[in-house]
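Visitor: This is a predicted model, with the sequence first.
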Amino acid sequence: MSQTMPALVNYAREPHSVELREAPIPDIGERDVLLRVGAVSVCGSDLHQWQGSHSWPVNYPCILGHEFAGTVAEAGAAVACFKEGDRVVSETAAVIDEASPLTRCGLYNLDPGRRGFGYGVNGAMTEYVRVPERCLHRIPDSLAFEKAALTEPCCVAYNAVCMNGRVRPGDTVLVIGPGPIGLLCALMAKLSGAGRLIVAGLPADRFRLQIAREIGAHETLEGGVIDHIAKIGDGLGVDIAIDASGASATLQLALQAVRPAGQIVKVGWGPQPMQFSLDPLVQKNVTIAGSFSHNWPVWERVISMIVSGQIDLAPVISRVASLNDWLDCFEKMHSGEHVKAVLTP
């Protein structure tokens, strides 16, 4: 086996500082596995790092990619539950403090010292990646790697809608932002029994809004959200507003759209300062919940839902391509031509 491998490296903070480079095949510790990557999905955060528009620290140079599945190529001496040849999908929390109070109660995703694949440590847009055993979940032979690689964004959406959100059967739900996470949040709201599901975007999101209808949205909007909602039911607003946009300003739209005593779930990152008042939050007695990442039980449940077909990923996988085609995939996801692109190193 060659001692180097092609890898998609984010090498500096400046925009478009991403390129294919030769990287060494990683060494593993006794509690790690060396994972042969079967598929790695492109995330919006990969695009932000490519554009230099991200709001989180990156350990440059760093191999991108945190949504991945593959086969165990080698297991460390102290690895107890996995062996060479096992098909697995990996969580994203590559580094955590196992002694922290949050980790001890299962909330390692919120550990302040957490570092993830693709920004904190080298990720999976390459042939091999070093993964701690605790991150791994088994997947059956029946689950293609291309679909398994989307387990992570499905977990983000499940945690937002089904754990931090309180969607109940019959609720009117608004999802703002039809990116991959927004579309998967819409799917989770549909599975949770949303009686009326509205997905809102911009005219540039036309293709993604079409996908929203395919996965169960009753209505899609390219603007005019507040006027539309004023004509629904009693006119007081939606029960739940899920802000999955990458801009801070959409939180104001969520505050205008949600009904008194309703809930806002914010899952989209938006580093821009908010230039508006939060008084409606108080006046309407609205609950707002942030949602970040996921943990072990969420992964186990989502994997079972993908395997059973309850979560249908076919509408959101726009393209499966080789690692050499990364730039075209990034550009088409950025422009909205693709919902999700999956790379197969």
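Guide: Looks like it came in fine.
Visitor: Tell me how the chain divides into domains.
Guide: The chain breaks down into these domains under automatic domain parsing: 4-150+313-343, 155-290.
Visitor: May I see these arranged in JSON lines, with mean pLDDT, distance to S304 and mean neighbour count as well?
Guide: In this view, the C-beta of every residue, glycine as well, is placed from N, C-alpha and C. Formatted as JSON lines, those follow (pLDDT from 0 to 100; distance: least, C-beta to C-beta, whole Å; neighbours: other C-beta atoms under 10 Å):
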{"stretch": "domain 4-150+313-343", "mean pLDDT": "97", "distance to S304": "10", "mean neighbour count": "19"}
{"stretch": "domain 155-290", "mean pLDDT": "96", "distance to S304": "11", "mean neighbour count": "20"}
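Visitor: Now do the contacts for L236.
Guide: R259, P260 (C-beta atoms under 8 Å, 6 or more residues apart in numbering).
Visitor: Name the residue closest to the centre of the protein, please.
Guide: P153 (3.0 Å; C-alpha atoms, centre = their mean).
Visitor: Distance from the one helix or strand that residue maps to to the middle of the chain?
Guide: Element membership of P153 [criterion: DSSP states H and E] is helix 151-158. The chain centroid and the centroid of helix 151-158 are separated by 6 Å under C-alpha atoms, centre = their mean, to the nearest Å.
Visitor: which helices and strands does it pack with?
Guide: Applying 3 or more C-beta pairs under 8 Å, 6 or more residues apart in numbering; DSSP states H and E, we find helix 151-158 packed against strand 67-75, helix 180-191, helix 296-308.
Visitor: can we see that at 7 Å?
Guide: Using 3 or more C-beta pairs under 7 Å, 6 or more residues apart in numbering; DSSP states H and E, the elements in contact with helix 151-158 are helix 180-191, helix 296-308.
Visitor: Nearest to R259 among those helices would be which one?
Guide: helix 180-191 (15.8 Å; C-beta to C-beta).
Visitor: what angle separates that closest one from strand 67-75?
Guide: 100 degrees (axes from the mean of the first three to the mean of the last three C-alpha atoms, to 10 degrees).
Visitor: Who are the packing partners of helix 180-191?
Guide: Looks like helix 180-191 contacts helix 151-158, strand 172-176, strand 196-200, helix 206-214 (3+ C-beta pairs under 7 Å, 6+ apart).
Visitor: Make a markdown table from those and add distance to Q256 to it.
Guide: Output for these, formatted as a markdown table (distance: least, C-beta to C-beta, whole Å):
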| stretch | distance to Q256 |
| --- | --- |
| helix 151-158 | 23 |
| strand 172-176 | 10 |
| strand 196-200 | 12 |
| helix 206-214 | 20 |
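Visitor: Which among the ones you listed is found nearest to G106?
Guide: Of all the helices and strands packed on helix 180-191, helix 151-158 comes closest under C-beta to C-beta, at 14.1 Å.
Visitor: what does that closest one contact?
Guide: 43, 66-67, 89, 92, 180-181, 184-185, 187-188, 267, 293-294, 298-299, 301-303, 306, 311 (C-beta atoms under 7 Å, 6 or more residues apart in numbering).
Visitor: 6 Å instead, please
Guide: Under the contact criterion C-beta atoms under 6 Å, 6 or more residues apart in numbering, helix 151-158 has outside partners 67, 89, 180-181, 184-185, 188, 294, 298-299, 302-303, 311.
Visitor: Nice, that's everything, thank you.
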